[in-house]
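Student: fold the following for me, if possible:
(one chain, ligands or ions: 1)
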Amino acid sequence: MTAALGASANVVSPVRPPVPRSAGRPFTKYLVPEVVFGWGALSEAGFAARRLGAQRPFVVTDAGVIEAGWWAELAGHLAEVELCPTVWQELTPNPKEHEVAAGVRRYLESGCDVIIGLGGGSVIDAAKAIAVVAGNGGRILDYEGVDKVTAAIPPTVMCPSTAGTGADVSQFAVITDTTRRLKATLIGRALVPDISVTDPRLLTTMPDDLAAATGLDALTHGIEAYVSLAAGPLTDVHALHAIELICRSLRRTLTHPDDVAARTAMAQASLEAGLAFTNAILGATHAMSHQVGGLLDLPHGVVNGVLLPHVIRFNARSSPGRFVPVARAMGLDVTGLPDDVAAGRAAEAVARLAADLGCPSGLAELGVRDADIDTLAATTLGDACLSTNPRDAGHADVAALFRAAL
Ligand SMILES: [Fe+2]
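Tutor: The predicted model follows:
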């Protein structure tokens, strides 16, 4: 751990640095679910489902969460409020469109009325996708893009078991299209869960590699949301606080896995980064990462950790000032430094953190080949996350970024 990253910092800049390329909108909108947060909050999940009118909850989860005992605990809490759930767990990391279709069939057969996601981002994205198709028909990939979900969907309660994806509060779902070999992004208010129940206890059973990957994902959410063209004062405060909490606590959750304060800080960071990015959207790191993840079925946060320093340097060439508060939030002393130097320090610190957490130094170690770059760059241009990147990026720019990160 570097001393600089461990230091605390006053992260709220008294004057909000301008967003570089005007989005032409003097206003922002802010979507947020009902949030239940705190140590032991899983005990509220049954009441949350009841508040949404549940008679028969459909619980989406996975084998790791069941093995850790969280499904058994949730089933007990549901029984306390006289709810008898159906559980479904037939999905893999980076959920695929055919898995969603199977989940929809099971949901419709079950006669259930509320969907509960208990797990990491893959579980929660699959739970959202099942709700979308159950309410709207067709295939999940029919709803790729922005605001394509128009009919009502079953109410949802999301209980995250990782600190990173923010899917429990976000208006995003990401589903792997196995035909095109890319990740399809769905965005819209219909995808905002009704209730998010965040219990930091659930983080204590995460494997270390998952804690590292999801923590890097949360850091990427905070940084991309802060510099996004759609950023605003309501998202800035959460983005910067998430960055600060992650840089203080992520390494400690790995060296001291039973540290309650560090786990709680990471749960809060994930939540706050989620609130920031669901409203400010993301940027080139995610637009590129989705393509790599679709091609090679890799951990999303690890790919972000490799790409993010390169994207920071690229974006800082047009808007270095926005990265100064980011560097401060990371605990870096950038007093008196020119903005571009401070931005470079932030990029270096992200690369150091990713390396310390075991990320490879380049995409080649993850299996990406130079021959893949043209296709990856082409599909990146179609990803919705690129539209809020603070610097315009065409095919040549994105290809150069992939090559630099190789
Ligand atoms: Fe992400």
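
Student: give me the three-state assignment for Leu186.
Tutor: What DSSP: H, G, I helix; E, B strand; the rest coil gives for Leu186 is strand.

Student: separation between the spatially closest residue to Phe37 that is not a sequence neighbour and Pro33?
Tutor: Distance criterion Cβ to Cβ, 6 or more residues apart in numbering; nearest residue to Phe37, sequence neighbours excluded, is Thr198 at 4.7 Å. Every residue, glycine included, has its C-beta placed from N, CA and C. Using Cβ to Cβ, to the nearest Å, one gets 11 Å for the distance from Thr198 to Pro33.

Student: which one of these two is surrounded by more residues?
Tutor: Neighbours were counted for Thr198 and for Pro33 using other Cβ atoms under 10 Å; Thr198 has more, 26 against 21.

Student: now stretch 39-58: buried residues?
Tutor: 41-42, 44-50, 52, 54, 57-58 (16 or more other Cβ atoms under 10 Å).

Student: kindly report the same for stretch 135-150.
Tutor: 136, 140-141, 143-144, 149.

Student: of those residues, the lowest pLDDT goes to which?
Tutor: Within the set of the buried residues of stretch 135-150, pLDDT is lowest for Glu144 (93).

Student: tell me the contacts of it?
Tutor: Going by Cβ atoms under 8 Å, 6 or more residues apart in numbering, Glu144 touches 177, 184-186.

Student: buried among those residues? Make that a ChimeraX selection.
Tutor: Here is the ChimeraX command that selects only those of these that count as buried (16+ other Cβ under 10 Å):
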select :184,185,186
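
Student: list just the nearest of the contacts of Glu144 to Arg403.
Tutor: Set against Arg403, the nearest of those by Cβ to Cβ is Thr185 (23.8 Å).

Student: wouldn't that closest one be in contact with Phe172 here?
Tutor: Yes - using Cβ atoms under 8 Å, Thr185 is in contact with Phe172, at 6.5 Å.

Student: picking that back up, overlap in contacts of Thr198 and Pro33?
Tutor: Residues touching both Thr198 and Pro33 (Cβ under 8 Å, 6+ apart) are Asp168.

Student: residues in contact with Asn136?
Tutor: Contacts of Asn136 were listed using Cβ under 8 Å, 6+ apart, and they are 143, 149-151, 153.

Student: make JSON lines out of these and add distance to Val334 and secondary structure.
Tutor: As requested, those are arranged in JSON lines below (distance: Cβ to Cβ, whole Å; DSSP: H, G, I helix; E, B strand; the rest coil):
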{"residue": "Tyr143", "distance to Val334": "42", "secondary structure": "helix"}
{"residue": "Val149", "distance to Val334": "42", "secondary structure": "coil"}
{"residue": "Thr150", "distance to Val334": "46", "secondary structure": "coil"}
{"residue": "Ala151", "distance to Val334": "49", "secondary structure": "coil"}
{"residue": "Ile153", "distance to Val334": "45", "secondary structure": "coil"}
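
Student: near Asp370, how many other residues are there?
Tutor: When neighbours are counted by other Cβ under 10 Å, Asp370 registers 11.

Student: go on, the one 3 residues further on?
Tutor: Residues near Ile373, counting by other Cβ under 10 Å, number 19.

Student: now Glu365
Tutor: Using other Cβ under 10 Å, Glu365 is surrounded by 11 other residues.

Student: return the residues in contact with it.
Tutor: Not one residue lies near Glu365 by Cβ under 8 Å, 6+ apart.

Student: pLDDT at the residue most central in space within the chain, what is it?
Tutor: The centre of the chain sits closest to Thr165, judged by Cα atoms, centre = their mean, with a distance of 2.8 Å. pLDDT for Thr165: 86.

Student: Thr214 is in contact with that one, correct?
Tutor: Yes - between Thr165 and Thr214 there is a contact at 6.3 Å, judged by Cβ under 8 Å.

Student: now the common contact residues for these two.
Tutor: Common contact partners of Thr165 and Thr214 (Cβ under 8 Å, 6+ apart): 120-121, 270.

Student: all strands for the stretch 101-250 of the chain, in order.
Tutor: In the stretch 101-250 of the chain, the segments counted as strands under DSSP state E, counting those that start in this stretch are 114-119, 145-146, 156-160, 172-177, 182-187, 195-198.

Student: ugh, wrong one, the stretch 301-406 of the chain
Tutor: Ranges of strands in the stretch 301-406 of the chain, per DSSP E, counting those that start in this stretch: none exist.

Student: for it, give me the ranges with low pLDDT.
Tutor: By pLDDT under 70, the stretch 301-406 of the chain contains no weakly predicted segment.

Student: Leu357 versus the residue nearest to Phe37, what's the distance?
Tutor: In this view, Thr198 and Leu357 are 22 Å apart by Cβ to Cβ.

Student: again, but for Arg345
Tutor: Going from Arg345 to Leu357 by Cβ to Cβ gives 19 Å.

Student: find the nearest non-adjacent residue to Ala351, please.
Tutor: Closest to Ala351 by Cβ to Cβ, 6+ apart is Pro309, at 4.2 Å.

Student: next one: Gly166
Tutor: Gly274 (2.5 Å).

Student: now do whichever strand or helix holds that neighbour: distance to the chain's middle.
Tutor: Gly274 belongs to helix 260-280 when assigned by DSSP states H and E. Relative to its chain's centre, helix 260-280 lies at 10 Å (Cα atoms, centre = their mean, to the nearest Å).

Student: what's the answer for stretch 343-363, then?
Tutor: That offset, for stretch 343-363, works out to 18 Å (Cα atoms, centre = their mean).

Student: list the buried residues of that stretch.
Tutor: By neighbour count on 16+ other Cβ under 10 Å, the buried set for stretch 343-363 is 343-351, 353-354, 357, 359, 363.
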